[in-house]
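Peer 1: here's a sequence, model it:
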Amino acid sequence: MAASDVVAVLVVDDAAAFRHATADVVDALGGFRVAGLADSGEQALELLRSTSVDLVLMDVVMPGIGGVGAARSIHAQRPDVRIVLLSAHARDELPDLTAECQWCVFCPKEDFGPDVLEALWRALDGA
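Peer 2: Residues are numbered from 1 along each chain as shown. Just a heads-up that it's a prediction; the model follows:
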């Protein structure tokens, strides 16, 4: 992806308040745009069939297939899409994300903000 391209972001979280707050962070940054919002892993997979996305910001703990299961499916279908797993839970309270999703990056929700999003994208994009 060229530096001049805008990063299309899919925000996935079952909590509407965090989903919209995350979208506000994305929209506030130059170079990023919200490509879609989903309240479940299943809805995210459906949106990815028809929406061009570069980055998925996804809650780990959600009803249904959850963030880890959805990340596995996304990676199998679209290995070019970068995935950041977000959670209010401490990393040690979650399944072994390293074994489950080697291609994902974990970020605590409490740390997420504009500077963190830019740094995560640079790290995921290999910059």
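Peer 1: and the strand or helix carrying G69, what's buried?
Peer 2: Using DSSP states H and E, G69 sits in helix 66-77. Buried positions in helix 66-77, judged by neighbour count with 16 or more other CB atoms under 10 Å: G66, G67, V68, G69, A70, A71, R72, S73, I74, H75. Placement of C-beta: from N, CA and C, glycine included.
Peer 1: name the helices or strands packed onto that helix?
Peer 2: With contacts taken as 3 or more CB pairs under 8 Å, 6 or more residues apart in numbering; DSSP states H and E, helix 66-77 sits against helix 41-50, strand 55-59, strand 82-87, helix 97-100.
Peer 1: now do Q102, the pLDDT please.
Peer 2: pLDDT recorded at Q102 is 68.
Peer 1: phi, psi for L10 please.
Peer 2: The phi and psi values for L10, taken as degrees, to the nearest 10, are phi -100, psi 120.
Peer 1: for V81, see how far away it is.
Peer 2: 8 Å (CB to CB, to the nearest Å).
Peer 1: overlap of the contact sets of the two?
Peer 2: Counting by CB atoms under 8 Å, 6 or more residues apart in numbering, the contacts common to L10 and V81 are L48, V53, L55, V56.
Peer 1: and the helix or strand containing D24, what's buried?
Peer 2: Applying DSSP H and E as the criterion places D24 in helix 16-28. By neighbour count on 16+ other CB under 10 Å, the buried set for helix 16-28 is F18, R19, T22, A23, V25, V26.
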